[in-house]
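# Prediction below, plus the sequence it came from.
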Amino acid sequence: MGKKSKSFFSFRRRSKKLQPPQPPLSTLEITGSPSENPLVKPKKKTGGAKLWMRFDRSGKSELVEWEKNTIIRHAAIPARDLRILGPVFSHSSNILAREKAMVVNLEFIKAIVTAEEVLLLDPLRQEVLPFVEQLRQQLPQKTQPKLLGGGGGDDNVPEAAEGLQSEPLPFEFQVLEIALEVVCTYLDSDVADLERGAYPVLDELARNVSTKNLEHVRSLKSNLTRLLARVQKVRDEIEHLLDDNEDMAQLYLTRKWLQNQQAEAHLAATTPNLSIVRRLNSTRSGSLVTSNDDNDVEDLEMLLEAYFMQLDGTRNKILSVREYIDDTEDYVNIQLDNHRNELIQLQLTLTIASFAIAVETLIAGAFGMNIPCTLYKINGIFWPAVGIMTAVSIVIFVLVLAYAKWKKLLGS
């Protein structure tokens, strides 16, 4: 038995030695999904691609799915600008000017506008579809701005600016105008719907103060407050741009693009090194825009002022509805105060009557005691005594009531 067991264990050891060496765990290639193989670690998800729609100057459009880094490289904007277009700032309104792009966040319109194209985020949303249709209809009708004058001399830069001013509007302002028009129309329709629903509810509350009508007015005031905040945000953003000419000048993307083209053409003719041309062009582009006088922002200022006045009118409509709500609430409070005063007067009248009756009850209680009295022996004294006590009670009631009216504690 001892030999057999020894040979058995020795065979086990020899068979173990004959096994091929296993590679280390770090060199093993693990395949399969995390659900199939627990050793597979899931990769960290990067920023997901979002649906964008590209519009060029001719109105042609295409749907693309781009990630965050692709948008940043394509539009040359900082990463923080994409946060403004995200869901965190969905209820804010911003029009930001960058070196080569304009970031537009107005209500449901979230777009990146350059001098050559528009990138629209979430173009298939129900609210964004009118804006997409307007871009398709109006952009092809606009002519592309052309550079007036040829050659590469210094005199071509002011000629280009004059040629640009002869155009109706630059491309980026055409897009901005369409966006403001769609947003203002959308807000006006919301205000119109609010007005149509507000006045009947308020009139019903004035006629009948009930819990149901008060709940309707509470919901109406909540909707009005949210709508006023939305209109106020867009209005404040336009007002902020109108107050700063430098910000408006930075929004002239087409002008900067044309000036960059002119500067690059001029420097290419005089400088053989293209890299030096691009460096000089990048440093010079900002100074070309800021060196213009205040008249250069006149067309943008007129555009913004028109929609500022329209938004101001929309805001005044909301304020008029809110004023009507305040007037209705004051009227309802006056009604409630009047009812409360009537209840107080009724309570005071009943208190005076109770006092008068209490006097008669006191006299009746005194006669009800088992105390010997000569009045008990008089025949027929009961009804005259009751009449006298009732008359005394009535006199007391009338006197106290007259005193309360004299002190104006009761209405006439």
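Cool, got the structure.
# For R315, see how far away E329 is.
Here E329 is placed at a distance of 21 Å from R315 (CB to CB, to the nearest Å). C-beta coordinates here come from the backbone N, C-alpha and C atoms, glycine included.
# Provide a list of residue ranges in the stretch 251-400 of the chain with pLDDT below threshold.
Along the stretch 251-400 of the chain, the model assigns pLDDT under 70 to residues 260, 268, 271-296.
# what are the ranges of the helices in it?
Listed in chain order, the helices found in the stretch 251-400 of the chain under DSSP state H, counting those that start in this stretch are 253-270, 274-290, 298-367, 382-406.
# Helix, strand, or coil at the residue nearest the centre of the chain?
In the chain, the C-alpha nearest the mean C-alpha coordinate belongs to H91, at 3.5 Å (CA atoms, centre = their mean). When the structure is split into helix, strand and coil by DSSP: H, G, I helix; E, B strand; the rest coil, H91 lands in coil.
# related to what we said a few turns ago, the helices of the stretch 251-400 of the chain into TSV, with extra columns for distance to W52 and mean neighbour count?
Below are the helices of the stretch 251-400 of the chain laid out as TSV (distance: least, CB to CB, whole Å; neighbours: other CB atoms under 10 Å):
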stretch	distance to W52	mean neighbour count
helix 253-270	18	19
helix 274-290	26	14
helix 298-367	25	14
helix 382-406	79	13
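# Among these, single out whichever gets nearest to L242.
Closest to L242 of these is helix 298-367 (CB to CB; 5.5 Å).
# packing partners for the closest one?
Counting by 3 or more CB pairs under 8 Å, 6 or more residues apart in numbering; DSSP states H and E, the packing neighbours recorded for helix 298-367 are helix 171-207, helix 211-242, helix 245-250, helix 382-406.
# Throw those helices into a markdown table and include distance to G59, thanks.
As requested, the helices and strands packed on helix 298-367 are arranged in a markdown table below (distance: least, CB to CB, whole Å):
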| stretch | distance to G59 |
| --- | --- |
| helix 171-207 | 10 |
| helix 211-242 | 25 |
| helix 245-250 | 26 |
| helix 382-406 | 82 |
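# closest one to G86 among the ones you listed?
When these are compared by CB to CB, helix 211-242 sits nearest G86, at 16.5 Å.
# Okay, angle between the closest one and helix 298-367 too, please.
An angle of 150 degrees separates the directions of helix 211-242 and helix 298-367 when computed by axes from the mean of the first three to the mean of the last three CA atoms, to 10 degrees.
# In a strand, A111, correct?
Yes. With the criterion set as three-state DSSP, the secondary structure at A111 is a strand.
# Quick check: it vs Y186, distance?
A111 sits at a distance of 15 Å from Y186 (criterion: CB to CB).
# One more: L202?
Note on L202: its distance to Y186, by CB to CB, is 24 Å.
# Kindly report the same for E116.
Per CB to CB, E116 is found 27 Å from Y186.
# about what we covered before: any chance of the helices of the stretch 251-400 of the chain in a markdown table, with distance to Q141 too?
Written out in a markdown table, the entries for these read as follows (distance: least, CB to CB, whole Å):
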| stretch | distance to Q141 |
| --- | --- |
| helix 253-270 | 17 |
| helix 274-290 | 28 |
| helix 298-367 | 17 |
| helix 382-406 | 80 |
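# Could you count how many residues lie near A97?
A97 has 19 neighbouring residues, counting by other CB atoms under 10 Å.
# Sorry, wrong one. I was asking about N213.
The tally of other residues near N213 (other CB under 10 Å) stands at 18.
# can I assume it is in contact with E204?
Yes. Contact criterion CB atoms under 8 Å: N213 and E204 qualify, at 5.5 Å.
# Compare the helices of the stretch 251-400 of the chain and give me the one nearest I95.
Closest to I95 of these is helix 298-367 (CB to CB; 9.2 Å).
# any weak-confidence spans in the stretch 51-200 of the chain?
For the stretch 51-200 of the chain, residues meeting the criterion pLDDT under 70 lie at 142-168.
# Do you have the strands of it handy? List them.
61-66, 94-97, 102-106, 109-113, 117-121 (DSSP state E, counting those that start in this stretch).
# What are the contacting residues of the second one?
The one in question is strand 94-97. Applying CB atoms under 8 Å, 6 or more residues apart in numbering, the set of residues contacting strand 94-97 from outside is 81, 84, 102-106, 176, 237-238, 241, 247, 250-251.
# Likewise for the fourth one?
Contacts with strand 109-113, where a contact means CB under 8 Å, 6+ apart, come from 71, 75, 77, 81, 85, 101-104, 118-122, 128, 131, 172, 175-176, 179, 182-183, 253.
# rerun that using 7 Å as the cut-off
For strand 109-113, the surrounding residues in contact (CB atoms under 7 Å, 6 or more residues apart in numbering) are 75, 77, 85, 101-104, 118-122, 128, 131, 172, 175, 179, 182-183.
# relative to strand 102-106, how tilted is it?
Comparing the axes of strand 109-113 and strand 102-106 via the same axes, to 10 degrees yields an angle of 170 degrees.
# Can you list the strands that strand 109-113 pairs with?
strand 102-106 (antiparallel), strand 117-121 (antiparallel) (DSSP bridges).
# how close does L214 sit to V201?
Look at L214 and V201: by CB to CB, they are 10 Å apart.
# So if I had to pick from those two, which one is more boxed in?
Between L214 and V201, counting by other CB under 10 Å, V201 is the more crowded of the two (16 against 13).
# you'd agree that one is up against S219?
No. At 8.9 Å, V201 does not count as touching S219 under the criterion of CB atoms under 7 Å.
# okay, L202 and Y186: which has more neighbours?
Comparing L202 with Y186 by other CB under 10 Å, the one with more neighbours is L202, at 22 against 18.
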